[in-house]
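Participant: predicted structure and sequence below. I'll ask about it afterward.
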Amino acid sequence: MLRERATLTLEMQKLLDIAITGFSFIAAYFIKRDLLPVGLKNLSTDPNYYIILLLIIIAWYVSFRWMGMYLSYRQEPFWNFFVTILKSSFMGIILVSIAMYFMHIQEVNRLLMGIFLVLDICLLTLSKFIIFKTLKKLRADGFNTRNILIVGTQVRARNVIKAVEKFKSTGYKVLGCFDVEEEKVGTSVVNGHKVIGLVRDLERYLSNNIVDELIFAMPLKKIERGDRYIAMAESMGINVRIIPDWELHYLMYRPGVATIRFEDFLGVYNMSLQSTPQNEGKIFIKNTFDVVSAVVLTFLCLPFFIFIGAAIKCISKGPVFYTQERLGLNGRRFKVYKFRTMVEYADEMQKELEEMNEADGPVFKIKKDPRIIPYVGQFLRKTSLDELPQLFNVLKGEMSLVGPRPPIPKEVDEYSVWQRRRLSMKPGMTCLWQIAPNRNDLSFEEWMKLDLQYIDNWSLLNDFKIFFLTVRAVLTGSGR
């Protein structure tokens with residue numbers, strides 16, 4: 001789900017860390033002035049501590065970036081977070097000291113700065129520890145897991161499997177191994193993990209199964225046209241890792257979407273091609289924002305739920321809510337909730353209306369669909385209020401407020417390889433297509449490109465912009 005660059009969750013992490021740092025200085029100021037024993041408390045009004053606070057915020061912001069503060073919560077041990085906090089804090093003190101020297105700011109109370117430094121390190125460590133432990137507990141309980149498929153069966157593949165089993169709290173799960181030799185299919189690799197397929201069948205397996213990461217753990221020169229399989233996974237938005245054999249010149253491949261990084265994966269050094277930002281801290285903050293917002297919006301929209309439910313019941317026989325199986329992150333199946341806008345058994349009637357389909361691609365759309373409930377259904381679709389129950393999907397962690405719309409399995413079966421990359425991000429209640437002024441006239445391919453554009457340019461600003469433009473679209477009734 002989105003490149004690893006300036007993203008929504010990274011900005012939220014920075015904001016939280018800077019807020020903690022600012023709070024630590026303010027708290028240290030009042031501790032020094034009011035709470036210390038007689039003889040140690042009190043502060044003079046010179047120098048201006050507002051200026052010192054501003055310098056600290058700037059210096060710590062720069063230091064956090066220089067020292068690599070934002071690590072992966074899934075792959076890094078907590079000790080690395082603590083060490084990075086120490087390095088960032090001491091670098092911040094150095095930067096502030098240099099700034100005060102050039103600005104001729106003198107007589108800054110050293111005890112105050114010492115209290116601030118200790119308090120800041122403790123609070124930053126506590127915040128990272130809480131996030132770290134929360135994510136670890138969620139993964140141990142089966143949430144936020146990532147499925148791994150390994151290409152290879154020899155030493156490198158076995159090392160990856162052993163590393164995954166050693167660090168079970170990271171939430172990684174090995175689906176099995178693929179090989180180029182047909183006679184190895186069904187044989188055991190290590191610890192009960194087997195060869196489940198051939199490399200030539202990778203596309204079919206990736207299309208029909210939930211795979212979050214594909215790891216190449218065999219010499220690339222043994223895979224005929226290895227670049228094709230890497231490009232295919234990249235196009236689908238699946239993170240690719242290559243355990244290097246230092247003969248990468250055999251692979252004449254240049255990624256068109258993914259960024260290349262060299263990483264330590266649970267102690268196994270590898271080359272990673274990542275098409276989406278998978279940083280756990282970023283995703284955690286985005287998910288937290290989604291859940292908090294969904295709780296607030298559900299409470300605020302309760303009157304609408306009651307009124308819409310009553311209107312549907314008065315006009316049409318059948319349930320108020322409609323559920324349909326959709327595909328989420330990397331093909332995970334879930335039931336999406338909507339207000340029912342069509343007559344009962346509308347799905348069964350679709351076969352009779354296939355010839356009236358006005359949309360290209362695998363999508364089915366009719367401007368004047370005879371199945372839509374008169375008045376109420378038309379109004380709900382025009383204002384997109386039929387999507388409100390998906391707030392429950394957000395609360396369940398199956399959807400986000402903003403993201404590509406969740407497709408039905410039948411549609412995905414007809415996707416081209418590059419179109420499957422829209423599944424690499426958790427689906428949302430609204431997206432770029434939803435706010436497009438002529439969305440109902442867009443071709444299927446244009447719709448897919450809008451989703452990929454959103455994924456490739458994901459940012460805090462874009463999410464807020466899409467959200468508020470969606471509110472405007474609802475108020476003006478620009479949907480169908």
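Facilitator: Perfect, I can see it now.

Participant: buried residues in the helix ranked longest in the chain?
Facilitator: Longest helix of the chain, by residue count under DSSP state H: helix 110-140. For helix 110-140, the neighbour count (16 or more other CB atoms under 10 Å) marks 112-113, 115-117, 119-121, 123-125, 127-128, 131-132, 135-136, 138-139 as buried. Yep, even glycine has a C-beta here, placed from its N, CA and C like the rest.

Participant: from the chain's centre, how far out does the host helix or strand of residue 148 sit?
Facilitator: Here residue 148, judged by DSSP states H and E, is contained in strand 146-151. How far strand 146-151 lies from its chain's middle: 18 Å, per CA atoms, centre = their mean, to the nearest Å.

Participant: tell me what angle that strand forms with helix 110-140.
Facilitator: Counting by axes from the mean of the first three to the mean of the last three CA atoms, to 10 degrees, strand 146-151 lies at 70 degrees to helix 110-140.

Participant: name the helices or strands packed onto strand 146-151?
Facilitator: Using 3 or more CB pairs under 8 Å, 6 or more residues apart in numbering; DSSP states H and E, the elements in contact with strand 146-151 are helix 155-166, strand 172-179, helix 202-208, strand 213-216.

Participant: direction included, what does that strand pair against?
Facilitator: Here strand 146-151 is paired, per DSSP bridges, with strand 172-179 (parallel), strand 213-216 (parallel).

Participant: after the longest one comes which helix or strand?
Facilitator: Toward the C-terminus, strand 172-179 is succeeded by strand 188-190 as the next helix or strand (DSSP H and E).

Participant: next one: the closest residue to residue 397 other than its chain neighbours from residue 135, what distance?
Facilitator: Spatial nearest neighbour of residue 397, chain neighbours left out: residue 287 (6.8 Å); criterion: CB to CB, 6 or more residues apart in numbering. From residue 287 across to residue 135, the span is 10 Å (CB to CB, to the nearest Å).

Participant: cool, and residue 443?
Facilitator: Distance from residue 443 to residue 135, by CB to CB: 40 Å.

Participant: residue 90 now?
Facilitator: From residue 90 over to residue 135 (counting by CB to CB), the distance is 27 Å.

Participant: which SS class is the closest residue to residue 154 other than its chain neighbours?
Facilitator: If the residues on either side of it in the chain are set aside, residue 154 comes closest to residue 218, at 6.5 Å by CB to CB, 6+ apart. Assigned by DSSP: H, G, I helix; E, B strand; the rest coil, the conformation of residue 218 is coil.

Participant: didn't residue 218 look like it was pressed against residue 151?
Facilitator: Yes - look at residue 218 against residue 151 with CB atoms under 8 Å: they come within range, at 6.1 Å.

Participant: quick check: neighbours shared by these two?
Facilitator: Taking CB atoms under 8 Å, 6 or more residues apart in numbering as the contact criterion, the common neighbours of residue 218 and residue 151 are 157, 179.

Participant: okay, the two: which has more neighbours?
Facilitator: Regarding residue 218 and residue 151, a neighbour count based on other CB atoms under 10 Å identifies residue 151 as having more, with 29 against 25.
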